[in-house]
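Q: Build me a model:
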Amino acid sequence: MGVTIRLRRVGQKHQPSFRIVVTDSRSPRDGRFVELLGHYYPRARGERGEQLDLDVAKARVWLAKGATPSETVASLMRKAGCFAAPMPKPPVEGA
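A: Presented below is the predicted three-dimensional model:
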């Protein structure tokens with residue numbers, strides 16, 4: 001069983017919000033999940049316009065257990081400071 005960390009869409013039509021969840025890789029996008037790690041509000045603006053609410057400690061535990069984040073979740077985790085060291089950049093060829 002492959003465990004992934006991905007987004008689960010909730011919210012109304014034209015007002016998306018997402019939950020960051022740990023789930024079995026075979027389950028559907030909005031199906032059953034193992035644990036809720038946080039929320040992502042892409043349309044949040046204003047004074048309290050926090051777009052990302054992530055429990056970094058829980059996310060690090062799941063990453064240590066071998067869960068693989070989707071590309072979008074990996075970029076959100078990077079912004080939240082979930083990875084201990086910065087991700088290595090690929091070498092530039094022809095420089």
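
Q: contacts, neighbours, all on C-alpha from now
A: Fine.

Q: List phi and psi for the residue positioned nearest the centre of the chain.
A: A centroid search over the chain (Cα atoms, centre = their mean) returns residue 73, at 2.9 Å, as the residue closest to the centre. Dihedral pair for residue 73: phi -70, psi -40, per degrees, to the nearest 10.

Q: And for the closest residue in space to it that isn't next to it in sequence, the neighbour number?
A: Across the structure, with Cα to Cα, 6 or more residues apart in numbering as the measure, the residue nearest residue 73 apart from its sequence neighbours is residue 6 (5.9 Å). Here the count is done by other Cα atoms under 10 Å, and residue 6 has 24 residues near it.

Q: With residue 21 instead?
A: Around residue 21 there are 23 other residues, counting by other Cα under 10 Å.

Q: At which residues are the helices of this structure located?
A: 56-65, 71-80 (DSSP state H).

Q: Check whether residue 80 really touches residue 56, as I assumed.
A: Yes. Under the contact definition of Cα atoms under 8 Å, residue 80 touches residue 56, with a separation of 7.4 Å.

Q: Adding mean pLDDT and distance to residue 37 as columns, could you present the helices of the chain in CSV?
A: Written out in CSV, the entries for the helices of the chain read as follows (pLDDT from 0 to 100; distance: least, Cα to Cα, whole Å):
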stretch, mean pLDDT, distance to residue 37
helix 56-65, 89, 7
helix 71-80, 89, 11
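
Q: Is the nearest residue to residue 30 once chain neighbours are set aside bridged to anything, and to what?
A: Distances taken as Cα to Cα, 6+ apart put residue 8 closest to residue 30, at 5.3 Å, once the chain neighbours are dropped. Each beta-bridge partner of residue 8 is listed here, defined by DSSP bridges: residue 19.

Q: quick one: contacts for residue 73?
A: When the contact criterion is Cα atoms under 8 Å, 6 or more residues apart in numbering, the partners of residue 73 are 5, 6, 7, 20.

Q: re the thing from before, in this structure the residue nearest to residue 30 contacts residue 22, no?
A: No. Taking Cα under 8 Å as the definition, residue 8 is not a contact partner of residue 22, at 9.7 Å.
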